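> Structure for this input, please:
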Amino acid sequence: MIEKCESCGYKPPTLIQEHALDLFFDETYDPPNSMVIQAQTGSGKTLTYLLPLFAKLEDRAAIQAMIAVPTRELGLQAS
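All right, here's what the predicted structure looks like:
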């Protein structure tokens with residue numbers, strides 16, 4: 001997944017992305033259904049939770065996920 005992101009022009013993952021994505025994509029155990037992460041603004045938290053979501057989406061026309069955010073600004077960022 002990280003290689004695909006880099007080929008699309010994304011820079012190497014930030015520290016928070018690296019730690020969280022390692023947990024999500026670790027094949028030695030089931031990935032978590034939820035996770036709480038805290039980091040500075042601009043550290044890549046949104047992409048951190050969107051990447052595992054995108055990896056699980058199936059190619060079908062149905063609602064597969066819903067993201068709830070506390071502010072309009074965050075909603076615009078996540079869309």
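
> Keeping just the C-alphas, turn the worst-scoring helix or strand of the chain on mean pLDDT into CSV.
Every helix and strand in the chain was compared by mean pLDDT, DSSP states H and E; the lowest is helix 2-7, with a mean of 76. Presented in CSV, the C-alpha positions along helix 2-7 are these (Å, rounded to 0.1, in the frame of the first residue of the first chain):
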residue,chain,number,x,y,z
ILE,A,2,2.8,2.4,0.9
GLU,A,3,4.5,1.7,-2.4
LYS,A,4,1.3,2.5,-4.3
CYS,A,5,1.0,5.8,-2.4
GLU,A,6,4.6,6.7,-3.2
SER,A,7,3.9,6.0,-6.9
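
> residues making contact with it?
12-13, 21, 51 (C-beta atoms under 8 Å, 6 or more residues apart in numbering). For glycine as for every other residue, the C-beta is placed from the backbone atoms N, C-alpha and C.

> Buried residues of it, list them for me.
C5 (16 or more other C-beta atoms under 10 Å).

> picking that back up, tell me the buried residues within the contacts of helix 2-7.
Here, 16+ other C-beta under 10 Å leaves 13, 21, 51 buried among those.
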